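[1] Please find the sequence and the predicted model below.
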Amino acid sequence: MKYTLNLSKQLKTVIHINEDIILNDNHYIYITDQNLYGLYKDSFLQDKEVICLPPGEESKSFDSYLTIVSYLIEHHVSKDCCLVGFGGGVILDLVSFVASTYKRGIGLILIPTSSLAMVDASIGGKNGLNYNNLKNVIGSIYLPKDIYINLDFLKTLPNDEFISGLGEILKIGLLFDEEIFSLFYQNKYLENLDKIIIKAIKYKIDVVKKDPFETGYRRCLNFGHTFGHAFERLYGLKHGYSVMIGMLIISKNKPYYQSLKKIVNSFDVSFNQSIDIDQVLNLIENDKKFTKEGLIIVDVESVGHFSFKTITKQDIKQYLEDFINE
Ligand SMILES: NC(=O)c1ccc[n+]([C@@H]2O[C@H](COP(=O)([O-])OP(=O)(O)OC[C@H]3O[C@@H](n4cnc5c(N)ncnc54)[C@H](O)[C@@H]3O)[C@@H](O)[C@H]2O)c1
């Protein structure tokens, strides 16, 4: 099964789903994290040239960037080499940024291994490093030549990471696809995992094609993310869990609210810390989507139908109070 993400004649990615990974005519350097190296060194990574970094968000740093670039320089790696990012979103964002800048751009292949990376981080060409406590503040848009998505890698993914990725698939369902939403609602998402992952990838490809450089429409993918990011930063929740909470907060009066709540509760997104409204407001006010007029959010009126809307600081406060007092 193949899809093409084609942004222009020059910018094209072939996405291979559950296909064998065939790399044969180049110098490939694999970059991964220690968790994946431990799991796959005797199988998938055997006999490969591998650079291994510590797992976790801290690796999306200049230090890791320089570790990889120094290796490439020391080993006289030429421009026809291809970097292969094998891992979750952290590794893919880091490796993609290295590939986009080393010798002004070298070959890149992505092999996402987490549910979040399969449906989201690997698709669309965005990459990023964190700096000075700012997430993704340095980055570029650079498409890989190929993306290989193989659902077998999910068998070793820890359950909380797996559920975090489901948060992004649920978001895609709310934005575009009643069937995805109803498979979650009926608790049939596991037996339909291939289907919902493939659908989520196709929707993301469509969005990226419509707005490759994120000038407007692509921001629909931020549904639930403004509140979500604040919760992620303040309360240390995983990204997809925070997005689920963010979507709940802004869907309070929508017809699908009770169904969404049932789905989110089934994932045990346990959240028992007391919410400090002022702290959340403060973070949201510093969000780049907050303008003089207020905050631009994605409003899903009913499943599969959304629009953009601007809300005021008072509205944000109200959303939070409603959420806390329920
Ligand atoms: N570029 C984009 O468009 C985009 C989109 C969404 C998210 N992101 C970025 O993605 C990152 C989050 O990605 P993530 O959720 O994949 O986190 P992650 O890369 O930190 O991976 C989560 C954990 O799961 C482990 N892991 C991954 N795959 C595994 C597997 N198959 N088996 C066992 N363990 C495995 C990793 O070692 C890590 O400990 C964030 O930095 C976020 O900014 C980027």
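    Happy to help now that I have it. Keep in mind it's a predicted model, so treat the numbers as computed, not measured.

[2] which regions of the stretch 51-200 of the chain lie under the pLDDT threshold?
    Counting by pLDDT under 70, the stretch 51-200 of the chain has no low-confidence residues at all.

[3] Residues of it that sit close to the ligand?
    Counting by Cβ under 6 Å from any ligand atom, the residues of the stretch 51-200 of the chain close to the ligand are 55-57, 60, 87-91, 93, 113-114, 116-117, 120-121, 124, 126-127, 136, 153, 156-157, 161, 164. For glycine as for every other residue, the C-beta is placed from the backbone atoms N, C-alpha and C.

[4] For ChimeraX, write the select line for the buried members of the residues you listed.
    This is how ChimeraX selects the buried members of those, with burial counted by 16 or more other Cβ atoms under 10 Å:
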select :55,60,87,88,89,90,91,93,113,114,116,117,120,121,124,126,127,153,157,161,164
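
[5] Just the ones in strands from the residues of the stretch 51-200 of the chain next to the ligand, please.
    Among these, DSSP state E puts Gly87, Asn136 in strands.

[6] Going by residue numbers, what spans are strands in the stretch 151-300 of the chain?
    290-291, 294-302 (DSSP state E, counting those that start in this stretch).

[7] Not counting the longest one itself, show me its contacts.
    Outside strand 294-302, the residues that touch it by Cβ atoms under 8 Å, 6 or more residues apart in numbering are 174-175, 219-220, 222-224, 226, 247, 250-251, 254-256, 284, 287, 289, 306-313, 315-316.

[8] go on, the shortest one?
    Taking Cβ under 8 Å, 6+ apart as the criterion, the residues outside strand 290-291 that touch it are Ile284, Thr310.

[9] again, 6 Å this time
    Taking Cβ atoms under 6 Å, 6 or more residues apart in numbering as the criterion, no residue outside strand 290-291 touches it.

[10] Also stretch 165-172?
    By Cβ under 6 Å, 6+ apart, stretch 165-172 touches 114-116, 119-120, 184, 196, 200, 203, 223-224, 240, 243-244.

[11] now do stretch 85-96
    The contact list for stretch 85-96, computed with Cβ under 6 Å, 6+ apart, reads 30-33, 36, 57, 59-60, 64, 83, 110-111, 113-114, 116-117, 121-122, 127-128, 142.

[12] try it again with 7 Å
    By Cβ atoms under 7 Å, 6 or more residues apart in numbering, the residues outside stretch 85-96 that reach it are 30-33, 36, 56-57, 59-60, 64-65, 83, 108, 110-114, 116-117, 121-122, 127-129, 142, 144.
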